[in-house]
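Chemist: the following comprises the amino acid sequence and a computationally predicted model.
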Amino acid sequence: MTAPLTPSAHDGERASIRGPLLWGVVVGALNAAMPLLVWWLPGSTVHALAIALIAAVYIGFAVADGRPVIMAVECGVAALFVVLAATAVTGPAWLIVAGYTAHGVKDLWQHRTGFVAHTRWWPPFCLAVDWIVAAVVVIEIAAGVDFH
């Protein structure tokens, strides 16, 4: 006799992040294509702006959380991403990959720790966006795309 199939807590968590992950893939693909839509700017500039914008969203979540330490940490992290993004404008394209990859790692950490309150859907969504774009940029670098 087999045990009845009952959902576990992990099943509920997987289902709750499935939608954000799928939308993250869609938005990631659109974000990866953004340099084609904003053709008058170099790809490095378009991606640098996206990295800075994505990092700034966390400041809004930190303000919504309301705890001063959370706001200070998130502002500091966002500032680091802005510096990385600014460097990526004229630096090697691998800095774009590093920015998106590091941001995805930050998203994964945020998802695991719940550091900022009330963001359970955002980290999986943003992680998918970040890592999809990072993967596309790696492919573009390998294909010889010029980002400057």
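Modeler: Nice, thanks for sending it over. Numbers count the residues shown, from 1 in each chain.

Chemist: top helix in this protein by residue count?
Modeler: Ordering each helix of the chain by length in residues (DSSP state H) puts helix 9-37 first.

Chemist: what packs against the least confident helix or strand in the chain by mean pLDDT?
Modeler: The weakest-scoring helix or strand in the chain, judged by mean pLDDT, DSSP states H and E, is helix 9-37 (a mean of 84). If contacts are counted by 3 or more C-beta pairs under 8 Å, 6 or more residues apart in numbering; DSSP states H and E, helix 9-37 sits against helix 43-65, helix 122-142. No exception for glycine: its C-beta is placed from N, CA and C like everyone else's.

Chemist: what's the angle from the last one to helix 9-37?
Modeler: So the one you mean is helix 122-142. Orientation note: helix 122-142 sits at an angle of 40 degrees relative to helix 9-37 (axes from the mean of the first three to the mean of the last three C-alpha atoms, to 10 degrees).

Chemist: okay, buried residues for the least confident helix or strand of the chain please.
Modeler: Neighbour-count burial for helix 9-37, counted by 16 or more other C-beta atoms under 10 Å, picks out 17, 20, 24, 27-28, 31-32, 35.

Chemist: now, which of those sits nearest residue 56?
Modeler: residue 31 (14.9 Å; C-beta to C-beta).

Chemist: ok, that closest one - contacts?
Modeler: When contacts are counted by C-beta atoms under 8 Å, 6 or more residues apart in numbering, residue 31 touches 50, 129, 132-133.

Chemist: so how far is residue 53 from it?
Modeler: 10 Å (C-beta to C-beta, to the nearest Å).

Chemist: then residue 84?
Modeler: Counting by C-beta to C-beta, the gap from residue 84 to residue 53 is 13 Å.

Chemist: next one: residue 130
Modeler: 12 Å.

Chemist: ok, those two, which is more surrounded?
Modeler: residue 130 (26 against 12; other C-beta atoms under 10 Å).

Chemist: how near is that one to residue 139?
Modeler: For residue 130 relative to residue 139 (C-beta to C-beta), the value is 15 Å.

Chemist: again, but for residue 24
Modeler: 18 Å.

Chemist: what residue ranges in the chain are flagged as low confidence?
Modeler: 1-15 (pLDDT under 70).
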